[in-house]
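K.L.:
give me coordinates for this.
(one chain, ligands or ions: 2)
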Amino acid sequence: MPPPDFLIARYSQQPPSIRPHITLTFAQSTDAKIAAIPGKQLILSGNESMQMTHWLRSMHDAILVGIGTALNDDPQLNTRHLPPHSPPHNLPRPVILDSHLRLSTSCKLLNNFRAGSGRRPWVLSTPNQDPSWISRKEALKQAGANIIEIPSLNGISFSLNSSPLDRYALRSYFHSRSSAITPRS
Ligand SMILES: NC(=O)C1=CN([C@@H]2O[C@H](COP(=O)(O)OP(=O)(O)OC[C@H]3O[C@@H](n4cnc5c(N)ncnc54)[C@H](O)[C@@H]3O)[C@@H](O)[C@H]2O)C=CC1
Ligand SMILES: Nc1nc(O)c(N)c(N[C@@H]2O[C@H](COP(=O)(O)O)[C@@H](O)[C@H]2O)n1
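P.N.:
Ligands and ions are numbered 1, 2, ... in the order given. I've put the predicted structure just below:
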């Protein structure tokens with residue numbers, strides 16, 4: 001089964017050659033909320049909407065979330081709601097913004113990677129000489145994460161003209177929006 005026509009029409013265009021193609025998505029309640037109480041994942045999407053999200057995931061190179069989302073939701077960021085297909089649907093590369101390397105070594109993203117059912121997660125962090133940061137870096141690498149160190153003062157900048165992801169040849173990414181990550185033009 002292919003993706004719905006309206007998604008094919010929108011996403012079959014080649015991504016622009018200079019800037020990456022970014023899709024920003026979030027599910028919102030009728031009273032404009034995207035999250036509930038801390039520590040609890042809030043499922044807002046119904047079945048059809050969730051399936052559309054998974055089609056979108058299959059059509060992007062990567063999916064970007066903040067560490068707050070990774071810790072709160074322990075997400076999988078895969079395409080498991082799509083009908084089985086041969087060859088398998090494209091899985092987006094999970095990319096986590098995590099300056100202090102708080103990601104758990106036993107999170108589902110790393111478990112799925114080690115089980116062969118998910119891509120290796122990329123953790124974008126800020127280099128640090130603190131021994132505890134270095135030891136967390138080693139533990140996460142051991143668990144399968146690719147730690148990408150990006151010097152920054154006030155958080156990793158995602159200016160549309162020079163995203164750190166450009167350097168890693170990700171031409172499209174799917175940005176699951178939380179409250180904290182906002183794109184700058
Ligand atoms: N309804 C929906 O569609 C979605 C809801 N959510 C919800 O959002 C909540 C999590 O939100 P938050 O923790 O506020 O946001 P978040 O998931 O973006 O995490 C915030 C943290 O990410 C890191 N971060 C973000 N941008 C960064 C940057 N440019 N450079 C370096 N580090 C950066 C910082 O450590 C920051 O404190 C969860 O409850 C989750 O369920 C998340 C995604 C989609
Ligand atoms: N499409 C959509 N609908 C909702 O109701 C949601 N809460 C989200 N959240 C995003 O999806 C991630 C969970 O992914 P998995 O189901 O574990 O694959 C979550 O972390 C948010 O980024 N999305």
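K.L.:
by contact count, what packs against the host helix or strand of residue 23?
P.N.:
Secondary structure assigned from DSSP states H and E places residue 23 in strand 21-25. Other helices and strands packing on strand 21-25, by 3 or more C-beta pairs under 8 Å, 6 or more residues apart in numbering; DSSP states H and E, are helix 47-58, strand 172-176. Bear in mind the C-beta positions are built from the backbone N, C-alpha and C, glycine included.
K.L.:
among those, show me which one is buried the most.
P.N.:
Mean neighbour count (mean count of other C-beta atoms under 10 Å) peaks for strand 172-176 among those, with a mean of 21.
K.L.:
so residue 10 sits in a helix?
P.N.:
Yes. Assigned with DSSP: H, G, I helix; E, B strand; the rest coil, residue 10 falls within a helix.
K.L.:
how about the helices in the chain?
P.N.:
5-11, 47-58, 67-73, 108-114, 131-143 (DSSP state H).
K.L.:
hmm, back to that, what's the angle from the strand holding residue 23 to helix 47-58?
P.N.:
Comparing the axes of strand 21-25 and helix 47-58 via axes from the mean of the first three to the mean of the last three C-alpha atoms, to 10 degrees yields an angle of 160 degrees.
K.L.:
ok, strand 21-25 near ligand 2 or not?
P.N.:
No. Figure legend: strand 21-25 not in contact with ligand 2 (C-beta under 6 Å from any ligand atom); closest approach 6.6 Å.
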